[in-house]
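Asker: Kindly return the folded structure for what I paste below:
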Amino acid sequence: MKKKAILLCGVVAMFLVLLAVYLHTPRPVIKDPERTELIAIDIYADSYYQDPATAFVWKPETEEDKALAREIVNYLSTCKEYPTLHREVQYHPLEWRCMYILVSEPFRGERGLLLAPSDLDEDMKSFWPHAYDISHGRDFQGELLDPDGIRSYILDALGLPPDYM
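Answerer: Numbers count the residues shown, from 1 in each chain. Predicted coordinates for the structure are as follows:
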């Protein structure tokens, strides 16, 4: 009986160690850049706080836009995220002007990156940069390691000023 209890404790401890390693090992935001497509980049606040006509919506439609979308996907494949166990939807304040980057990945479906405004305090910044799975009820799947770098890169690539959001 005592050996079974020790064995069970060992198995539970091993499971907890593996879970900790999984949650603290960064992974690429985009795993397969060659087969991933950028669907859109949207930057807006809720329509109560912002005229919907002033929302920024970019979809790669021309050949030049598609080439830029490919560069953005390649950049995102160099960025990292930590996996997370969060499954509930995290709503941000509606007055925030946020960036939503939507991609379609093989095997993962449609995913989005949610980037909050850059002028948040550090506690709020660390809470909001997420990668989530759109096709399965927006379950959060990752916490972005460098949201400021991603935000800056995207704004620069789209020719928007750094203080746009």
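Asker: Distance from stretch 106-119 to the middle of the chain?
Answerer: With CA atoms, centre = their mean, to the nearest Å as the basis, stretch 106-119 stands 3 Å off its chain's centre.
Asker: Could you pull up the mean pLDDT of it?
Answerer: Taken as a whole, stretch 106-119 carries a mean pLDDT of 79.
Asker: Also stretch 76-90?
Answerer: In the prediction, stretch 76-90 has an average pLDDT of 75.
Asker: Stretch 53-73: how far from the chain's middle?
Answerer: Taking mean C-alpha positions (CA atoms, centre = their mean), stretch 53-73 and its chain are 18 Å apart.
Asker: Residues contacting that stretch, please?
Answerer: 30, 33, 36-44, 101, 103, 153-154, 157-158, 160, 164 (CB atoms under 8 Å, 6 or more residues apart in numbering). Bear in mind the C-beta positions are built from the backbone N, C-alpha and C, glycine included.
Asker: try 7 Å
Answerer: With contact meaning CB atoms under 7 Å, 6 or more residues apart in numbering, stretch 53-73 is reached by 30, 33, 36, 38, 40-44, 103, 154, 157-158.
Asker: Alpha carbons only: can I get that stretch in PDB?
Answerer: Output for stretch 53-73, consisting of C-alpha atoms alone and laid out as PDB, is shown next (Å, rounded to 0.1, in the frame of the first residue of the first chain):
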ATOM      1  CA  ALA A  53     -15.900  55.000 -40.200                       C
ATOM      2  CA  THR A  54     -12.500  55.900 -38.600                       C
ATOM      3  CA  ALA A  55     -11.700  52.300 -37.700                       C
ATOM      4  CA  PHE A  56      -8.600  51.000 -39.500                       C
ATOM      5  CA  VAL A  57      -9.200  47.800 -41.400                       C
ATOM      6  CA  TRP A  58      -6.500  46.300 -43.600                       C
ATOM      7  CA  LYS A  59      -7.000  43.200 -45.800                       C
ATOM      8  CA  PRO A  60      -4.300  42.000 -48.200                       C
ATOM      9  CA  GLU A  61      -6.100  42.300 -51.600                       C
ATOM     10  CA  THR A  62      -3.500  43.500 -54.100                       C
ATOM     11  CA  GLU A  63      -0.300  41.700 -54.900                       C
ATOM     12  CA  GLU A  64       1.700  44.400 -53.000                       C
ATOM     13  CA  ASP A  65      -0.500  43.900 -50.000                       C
ATOM     14  CA  LYS A  66      -0.100  40.100 -50.200                       C
ATOM     15  CA  ALA A  67       3.700  40.500 -50.300                       C
ATOM     16  CA  LEU A  68       3.500  42.700 -47.200                       C
ATOM     17  CA  ALA A  69       1.200  40.100 -45.500                       C
ATOM     18  CA  ARG A  70       3.800  37.400 -46.200                       C
ATOM     19  CA  GLU A  71       6.500  39.600 -44.500                       C
ATOM     20  CA  ILE A  72       4.200  40.100 -41.500                       C
ATOM     21  CA  VAL A  73       3.500  36.400 -41.200                       C
END
